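Asks: give me a model of this one.
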Amino acid sequence: MKVHFIAIGGSAMHNLAIALHKKGIEVKGSDDEIFEPSKSRLKKYGLLPEKEGWDEANISTDLDAIILGMHARIDNPELIKAQKLGLKIFSYPEYLYEQSKSKTRIVIGGSHGKTSITSMIIHVFNKMEINCDYMVGAQLQGFEVMVKLSDDAKYMIIEGDEYLTSPIDRRPKFHLYNPDIALISGIAWDHINVFPTFDNYIDQFRIFIEKISENGKLIYCKNDKIVEDISLRSEKIIKKYAYSIPNHIIKNGITYIIYNNKEYPIQIFGNHNLMNIEGARLVCNQIGISDENFYNAIASFNGASKRLEAVKITNNFAFYKDFAHSPSKLKATTAAVNAQFPERQLIACMELHTFSSLTFEFLQQYEACMNEANQAIVYFNPHTIAHKKLAPISEQDVLNAFKRNDLMVFTDSAELVKYLKSIEWSNKNLLMMSSGNFDGIDFNQLADSLKL
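Replies: Numbers count the residues shown, from 1 in each chain. Below is the predicted model of the structure:
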């Protein structure tokens, strides 16, 4: 079987390409630009295109399938030729569904927490030696690729992204998976360039519930009242299970979940992570994993990449990086670090990086979202705004939106690093939050250069 990837360099796309290659399928692909780590990983498996750019010669009638990435445009010459030849064209969500139609599909949806919950479930399955296929949006320790496809796994665990499927398919990705077991972790307006109103965004999750198979199962976070409302109002014939924050204590900076009068230490922390654990537990219950076995297995889970990931920890200092970028995520993550280390000051820095966060209209959603930090810093790059062809925003716009008089705003990453290096960090924590990388700041180098 021969498959060609248009836009092979994407995070999900290159992982799917490697997964198919490992399965024995002949894979090739193209892209107009490929960045790290995709570039090195594709090269390792002999899948890196010889040259960047699009070429109609890559498309021929001997191809069994085309997999189209979101990065490609509708006027892509390879796509146009594939359409003219009548070749089978899949988005990667469509292809994942095709590969999992005979399996029990577990799909994790939500505006936040879905990567962590998906990662937790995969981790527990692995600890319990339960064979499963999966697709997750972050690198997991001990797993070489973020996508696994096989012929013999009974289960397929999928992180259900609500963003669009492909340039020629404007449905949200998670509408294509038709889950047998579904979870919704939380709903907070995102992707305003696609979903212009909050009601329109919520509708995508209502549709997701309707896509659950007959007599399937829905697990939902009852702490999110919007999630609870759409879950309870759905008339779909499915079983519904609610979860919340489990009973727990924090001792000497370590969180313990209490179950049956026994304390189970965990390596992650924060109410949002505790709720994520409970959602993952209920999913695992549905396939026969007991609570005790689940808590024993989750004890060794140390988080998904960039989800409260420790950069450096000493006796009186901790430096974490996190993917948080939306208002709800900023609130949850800063609150988590504060609760875990109540005796330390928290300096929290976030980057406005996504399309939504860099628009003046959505910027107003950030009011008070970093108030839990002792010191709050916001970084944005005006060149990023110009590259995304958005209207410019000013430092004053950011100050007005966050409504915090002592907020510090930087537009030069070198100046931000210089400021962080000037601080005496004893008995303080640093939290860096972004879906980007603060325009190339090396967190490990930064950690080593701080005054500890």
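
Asks: same question for stretch 444-452, mean pLDDT?
Replies: The average pLDDT within stretch 444-452 is 96.

Asks: okay but Gly113 is in contact with Met275, surely?
Replies: Yes: Gly113 lies in contact with Met275 (CB atoms under 8 Å); the separation is 7.3 Å. The C-beta positions use only the backbone N, C-alpha and C, and glycine is treated the same way.

Asks: what is in contact with the two at once?
Replies: Ser185 (CB atoms under 8 Å, 6 or more residues apart in numbering).

Asks: give me the pLDDT for Ala304.
Replies: 79.

Asks: got it, and Trp189?
Replies: For Trp189, pLDDT reads 86.

Asks: now it. Nearest residue, chain neighbours left out?
Replies: Phe198 (4.5 Å; CB to CB, 6 or more residues apart in numbering).

Asks: what's the pLDDT at the one you found?
Replies: 93.

Asks: with Tyr419 instead?
Replies: 98.

Asks: counting neighbours, what do you get for it?
Replies: Using other CB atoms under 10 Å, Tyr419 is surrounded by 13 other residues.

Asks: one more: the one 10 residues further on?
Replies: One way to gauge burial is a neighbour count; for Asn429, by other CB under 10 Å, it gives 22.

Asks: okay, now the residue nearest to it when sequence neighbours are not counted: neighbour count?
Replies: Of all residues not flanking Asn429 in the chain, Ala318 sits nearest, at 4.7 Å (CB to CB, 6+ apart). Counted with other CB under 10 Å, residues neighbouring Ala318 total 21.

Asks: mind listing the residues bridging to Ala318?
Replies: On the basis of DSSP bridges, Ala318 is bridged to Ile313, Asn429.

Asks: who's in contact with it?
Replies: Counting by CB under 8 Å, 6+ apart, Ala318 makes contact with 310, 312, 337, 341, 344, 429-430.

Asks: if any of these are buried, put those into a ChimeraX selection.
Replies: Buried members of the contacts of Ala318 can be picked out in ChimeraX with the line below, counting by 16 or more other CB atoms under 10 Å:
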select :312,337,341,344,429,430
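
Asks: show me where the stretch 351-452 of the chain has its strands.
Replies: Using DSSP state E, counting those that start in this stretch, the strands of the stretch 351-452 of the chain run over 375-379, 408-410, 428-433.

Asks: would you mind giving these as a markdown table with mean pLDDT added?
Replies: Converted to a markdown table, the strands of the stretch 351-452 of the chain look like this (pLDDT from 0 to 100):
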| stretch | mean pLDDT |
| --- | --- |
| strand 375-379 | 97 |
| strand 408-410 | 97 |
| strand 428-433 | 97 |
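
Asks: quick one, domains of the chain?
Replies: 2-87, 94-298, 309-449 (automatic domain parsing).

Asks: between the two ends of the last one, how far is it?
Replies: In this case it means domain 309-449. 19 Å (CA to CA, to the nearest Å).

Asks: do the same with the second one
Replies: End-to-end span of domain 94-298 (CA to CA): 31 Å.

Asks: kindly report the same for stretch 5-16.
Replies: End-to-end span of stretch 5-16 (CA to CA): 9 Å.

Asks: contacts for that stretch next, please.
Replies: 17, 27-31, 33-35, 38-39, 41-42, 47, 49, 54, 66-72, 76, 78-79, 82, 92, 95-96, 135, 137, 145-147.

Asks: out of these, which are buried?
Replies: Among these, those classed as buried by neighbour count (16+ other CB under 10 Å) are 17, 27-31, 34, 38-39, 41-42, 47, 49, 54, 66-72, 76, 78-79, 82, 92, 95-96, 135, 137, 145-147.

Asks: of the residues you listed, which belong to helices?
Replies: 17, 38-39, 41-42, 78-79, 82, 92, 95-96 (DSSP state H).

Asks: circling back: so can I have TSV of the strands of the stretch 351-452 of the chain showing distance to Gly109?
Replies: As requested, those are arranged in TSV below (distance: least, CB to CB, whole Å):
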stretch	distance to Gly109
strand 375-379	29
strand 408-410	34
strand 428-433	22
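
Asks: residues contacting stretch 226-242, please?
Replies: Contacts of stretch 226-242 (CB under 8 Å, 6+ apart): 110, 184-187, 202, 205-206, 209-210, 212, 214-222, 282.

Asks: thought Met1 was touching Asp62?
Replies: No: if you go by CB under 8 Å, Met1 and Asp62 don't touch, sitting 10.6 Å apart.

Asks: which one of the two is surrounded by more residues?
Replies: Neighbour totals were compared for Met1 and Asp62, and Met1 leads with 11 against 7 (other CB under 10 Å).

Asks: state the distance from the more buried one to Asp199.
Replies: To Asp199, Met1 is 43 Å away according to CB to CB, to the nearest Å.

Asks: so the spatially most central residue of the chain, which state does it fall into?
Replies: Using CA atoms, centre = their mean, the residue of the chain that lies closest to the mean C-alpha position is Thr115, 4.4 Å off. When classified by DSSP: H, G, I helix; E, B strand; the rest coil, Thr115 comes out as helix.

Asks: wait, what's in contact with it?
Replies: 136-138, 159, 304, 307, 323.

Asks: who touches stretch 178-185?
Replies: Stretch 178-185 has contacts (CB under 8 Å, 6+ apart) with 97, 104-114, 117, 158, 160, 205, 208-209, 211-213, 216-221, 224, 227, 230-231, 275-276, 279, 282-283, 286-287.

Asks: among these, name the ones in helices.
Replies: In this view, the contacts of stretch 178-185 that belong to helices under DSSP H are 97, 114, 117, 205, 208-209, 227, 230-231, 275-276, 279, 282-283, 286.

Asks: okay, now Asn302: neighbour count?
Replies: Asn302: 14 neighbours (other CB under 10 Å).

Asks: then His383?
Replies: 10.

Asks: sorry, back to before: ok, of the ones in helices among the contacts of stretch 178-185, which one's closest to Asp448?
Replies: Comparing those against Asp448 with CB to CB places Asn276 closest, at 30.7 Å.

Asks: any idea which of the ones in helices among the contacts of stretch 178-185 is least confident?
Replies: Ranking the ones in helices among the contacts of stretch 178-185 by pLDDT, Lys114 lands last with 93.

Asks: touching, it and Glu162? I think so.
Replies: No: Lys114 is not in contact with Glu162 according to CB under 8 Å; the separation is 9.0 Å.

Asks: okay, those two: which has more neighbours?
Replies: Set Lys114 next to Glu162 and count neighbours by other CB under 10 Å: Lys114 wins out with 26 against 22.

Asks: run a quick neighbour tally on the residue nearest to Lys127 when sequence neighbours are not counted.
Replies: What sits nearest to Lys127 in space, not counting adjacent residues and going by CB to CB, 6+ apart, is Ala297, at 3.9 Å. Ala297: 20 surrounding residues under other CB under 10 Å.
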